[in-house]
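1. below are the sequence and a predicted model; questions follow.
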Amino acid sequence: MCCRYYTDLSPELRPYVEAAKASRLGRIMIEKLGKPLVTEGEVFPTNMVPVIATDKNGRQQVFPMVWGFNITGLNKPVVNARVETAYEKKSFKEAWYKRRCIIPASWYYEWDHRETISKYSIQPSGSSVTYLAGIYQIQEYRNLKYPVFAVLTREPAGELKKIHDRMPLIFRSESINDWIDPDKKPEDLLDMAVTDLIAEKCV
């Protein structure tokens, strides 16, 4: 699963932050939702953050999005969706096929609950950026239509199995355009996911 991640203002991440700050939609969301745009530090569900998706012309663009789908009948936003079942779930199906996104981060956090509660920071081996794969939808609040996202999760790879039974779906930078392309079949892209990750216990 993924319910927390961290982002810093590294040279790789700064362009996404600057693009989100310059967004007119972002300024409106800040005013009407009363949420700041979180650009660095630890990120929590319901935060508004920079997210990569396609614009109406199919071009890559950065949008401010809020973390969590609001689903009727549930008391809190849904922040994760399973890759194994997203295509068949009413709440996720359309987004799975037509509204996919990438959440740029430095690393994500996971907790090991087997013996003691230990917190780990996890990121791809040899990379300072973790491109979390997600899906998004548009919801409405007080006549404002704005995007919300959920992080996709999968079975863990390698040594991560020792920490948790789920991990986020993660891609390299060269796979971003393929993942967010609504004309591509998401199931054909899963083999491109990153599986070589490094986990470090947080002090």
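-> Arrived safely, thanks for sending.
2. so which elements touch the helix or strand encompassing Asp178?
-> Here Asp178 sits within helix 176-180, counting by DSSP states H and E. The helices and strands touching helix 176-180, judged by 3 or more Cβ pairs under 8 Å, 6 or more residues apart in numbering; DSSP states H and E, are strand 48-54, strand 60-67, strand 100-105. Glycine gets a C-beta too; all of them are placed from N, C-alpha and C.
3. who touches the second one?
-> Applying Cβ atoms under 8 Å, 6 or more residues apart in numbering, the set of residues contacting strand 60-67 from outside is 15-16, 19-20, 23, 25-26, 29, 33, 35, 37, 43-55, 77, 79, 101, 136, 146-151, 176-177, 180.
4. now the helices and strands packed on helix 176-180 in TSV, with distance to Thr195, mean neighbour count and mean pLDDT?
-> Shown next, in TSV, are the helices and strands packed on helix 176-180 (distance: least, Cβ to Cβ, whole Å; neighbours: other Cβ atoms under 10 Å; pLDDT from 0 to 100):
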stretch	distance to Thr195	mean neighbour count	mean pLDDT
strand 48-54	21	23	98
strand 60-67	24	21	98
strand 100-105	17	25	98
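5. can you put those strands in JSON lines and add distance to Lys90?
-> Shown next, in JSON lines, are the helices and strands packed on helix 176-180 (distance: least, Cβ to Cβ, whole Å):
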{"stretch": "strand 48-54", "distance to Lys90": "21"}
{"stretch": "strand 60-67", "distance to Lys90": "20"}
{"stretch": "strand 100-105", "distance to Lys90": "17"}
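6. right, and those - which one's nearest Thr7?
-> strand 100-105 (5.0 Å; Cβ to Cβ).
7. name the helices or strands packed onto the closest one?
-> Applying 3+ Cβ pairs under 8 Å, 6+ apart, one finds that strand 100-105 makes contact with strand 5-7, strand 48-54, strand 130-141, strand 144-154, helix 176-180.
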